[in-house]
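Asker: sequence and predicted structure are below.
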Amino acid sequence: MTGSVIMLWSVPRSRSTAFFRMMLQRGDHVCVHEPFSTLAEHGAVDVAGRIAHDEAGVIAALRELAERAPVFVKDTTDARYPMVLADDAFLGGLARNAFLIRRPAETIPSYFAVNPEVRQEQIGFTHLWELFDRVRELTGATPPVFDSEDLVAAPRATVERFCALFGLPFLPEAMTWPAGDRPEWQATRRWHADVARSTTLARRPAGHDVGLDAAPQLAAYLAHHEPVYRHLHRHRIQPTGART
């Protein structure tokens, strides 16, 4: 659908790039990978050939893209995005928003394994909740929340529900893809080694041996983010056949 952007907001380390890889495989959307978080980290981002230096520039580039083709964007909430939160026309109009969560007991060690300097707010649940609450305020409706456990426990049913909610045909051929890196995530390539080895949405062994006992602050991070995860999980879209 031109004129709108499907936005998948996720906490970091939530299998969101695997979902993005599936959307790439569909071939019916311009897929944009983490423009806001890349901007926050690097100070600039290339959005389909247009360089943006602030969040307003990213939104303008997405709006321009959406005038020409259907657009899918996935982004993570390592950072807070004040200009996104303040742009009612984007967050409550142009963007059709969904949210992806994963148990913080899994995301926190996974993040720490890649970046041992991770700060509490970068775990991302409080930022995700703020976006969720703002979308609900702007639209008057509760946006869909997906749990990444369902992506690996019931991948077809989860993707079918996503497609139905956003008016997309389900494409079974998009549920598998060739392994390998993609140019879309080269700016953040070190974070995506697991998905580069993947060929489908499936549970994979952790690519690290880090636990919550790896550093004393991680238990505090869990205590801070677990209640927010539980709040969001109450709104989870449960696909048929997934765990309760």
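Answerer: In hand now; what should we look at?

Asker: quickly list what residue 146 is bridged to.
Answerer: residue 100 (DSSP bridges).

Asker: hmm, residue 159 and it touching each other?
Answerer: No - shown here, residue 146 and residue 159 do not form a contact pair, counting by Cβ atoms under 8 Å, at 9.5 Å. All C-beta spots, glycine's among them, are computed from the backbone N, C-alpha and C.

Asker: more neighbours, the two?
Answerer: In this view residue 146 and residue 159 are compared by other Cβ atoms under 10 Å, and residue 146 has more residues nearby, 29 against 25.

Asker: contact partners for the more buried one?
Answerer: For residue 146, the contact set (Cβ atoms under 8 Å, 6 or more residues apart in numbering) comprises 98-101, 158, 161-162, 236-237.

Asker: if you set the cut-off to 7 Å instead, what comes out?
Answerer: Shown in contact with residue 146 (Cβ atoms under 7 Å, 6 or more residues apart in numbering): 98, 100, 158, 162, 236-237.

Asker: ok, residue 234 next?
Answerer: Residue 234 neighbours (Cβ under 7 Å, 6+ apart): none.

Asker: ok but residue 12 is inside a strand, no?
Answerer: No - counting by DSSP: H, G, I helix; E, B strand; the rest coil, residue 12 is not part of a strand but coil.

Asker: not counting residues beside it along the chain, what's closest to it?
Answerer: residue 76 (4.6 Å; Cβ to Cβ, 6 or more residues apart in numbering).

Asker: the one you found against residue 10, yeah?
Answerer: Yes - at 5.5 Å, residue 76 counts as touching residue 10 under the criterion of Cβ atoms under 7 Å.

Asker: need the residues touching each of those two.
Answerer: residue 16.

Asker: how many residues are close by residue 202?
Answerer: 14.

Asker: so it touches residue 153, yeah?
Answerer: No - assessed by Cβ under 7 Å, residue 202 is found out of contact with residue 153, at 9.9 Å.

Asker: ranges for the strands of the chain?
Answerer: For the chain, applying DSSP state E gives strands covering 5-10, 30-33, 45-47, 50-52, 71-76, 95-101, 145-147.

Asker: and the longest one, what does it pack onto?
Answerer: If contacts are counted by 3 or more Cβ pairs under 7 Å, 6 or more residues apart in numbering; DSSP states H and E, strand 95-101 sits against strand 5-10, helix 125-139, strand 145-147, helix 217-233.

Asker: so the residue in the chain sticking out farthest from the centre versus residue 118, what's the distance?
Answerer: Here the chain reaches farthest from its C-alpha mean at residue 216, the gap being 27.4 Å by Cα atoms, centre = their mean. Using Cβ to Cβ, to the nearest Å, residue 216 is found at 13 Å from residue 118.

Asker: before we move on, what about residue 89?
Answerer: Distance check for residue 89 against residue 118: by Cβ to Cβ, it reads 33 Å.

Asker: who's more crowded, those two?
Answerer: residue 118 (20 against 11).
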